[in-house]
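Colleague: what would the 3D arrangement of this be:
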Amino acid sequence: MNNRLQDSGFSIQKGSRIALPLAGTVVLLLAAYGALPSAYFVKAAPAANVQPRPVGVVTDTPAITITNAAATTSATPTTSAHEAQVQWTFGAVSGTYSGCTVQAKTSYDGTNYLTLGSPVTVTATTGAVNAWTVIEELGTNSVTTSAVSSTAALGFGQVTAFGFSCSSYGTAAPVNINVIYR
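Modeller: Just a heads-up that it's a prediction; the model follows:
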């Protein structure tokens, strides 16, 4: 019986020798996670149409009403974006829209906009799906200075919107827009 007590005492001590360092490691990992700067976490805009996703991804469905030759979407906060995957899907289009393009434009102050990339040609007919990607320019060297411009940007600013225009237009072109910013 004495051997059983000694054996059980030994196994309790042995178990606690393993559990204590394991518990300490878990506590240290949780403390390190809590100490990460808030810059590692995505902060989405308060806009109702923006849905934050983990790892720096924001999906957006900017609003637009197309009833004539030109229209501009609502702006989306894009301060930390480096690329946008864009999809425009047209609903039941009334009339004929031709010569249509979409131009990304970005703003560093929320008021004045600069073009971002080139305009893309889109098909504005019932059921047409148009998808493209806008990628921020990267320099060939470690540090590159762009030419000064009052009309064009090489990267995403504080907010980004899309301008739609056509050379001829009908009466309505409803469109669902989905943009994924990374």
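
Colleague: contacts, neighbours, all on C-alpha from now
Modeller: OK.

Colleague: let me see the contact set for Tyr108.
Modeller: Taking Cα atoms under 8 Å, 6 or more residues apart in numbering, we find Tyr108 in contact with 157-159.

Colleague: tell me if I'm right that Thr106 and Thr151 touch.
Modeller: No. Taking Cα atoms under 8 Å as the definition, Thr106 is not a contact partner of Thr151, at 10.2 Å.

Colleague: tell me who's in contact with the nearest residue to Ser94 once chain neighbours are set aside.
Modeller: Sequence neighbours aside, Ala172 is the residue nearest to Ser94 in space, at 5.1 Å (criterion: Cα to Cα, 6 or more residues apart in numbering). Contacts for Ala172 (Cα under 8 Å, 6+ apart) come out as 66-68, 93-95.

Colleague: going by distance to Pro62, which of the contacts of Tyr108 wins?
Modeller: Nearest to Pro62, judged by Cα to Cα, of these is Val159 at 11.8 Å.

Colleague: could you report the pLDDT at the residue nearest to that closest one when sequence neighbours are not counted?
Modeller: Excluding its sequence neighbours, the residue lying closest to Val159 (Cα to Cα, 6+ apart) is Pro77, at 4.3 Å. Looking at Pro77, its pLDDT stands at 93.

Colleague: likewise for Ala161?
Modeller: pLDDT for Ala161: 97.
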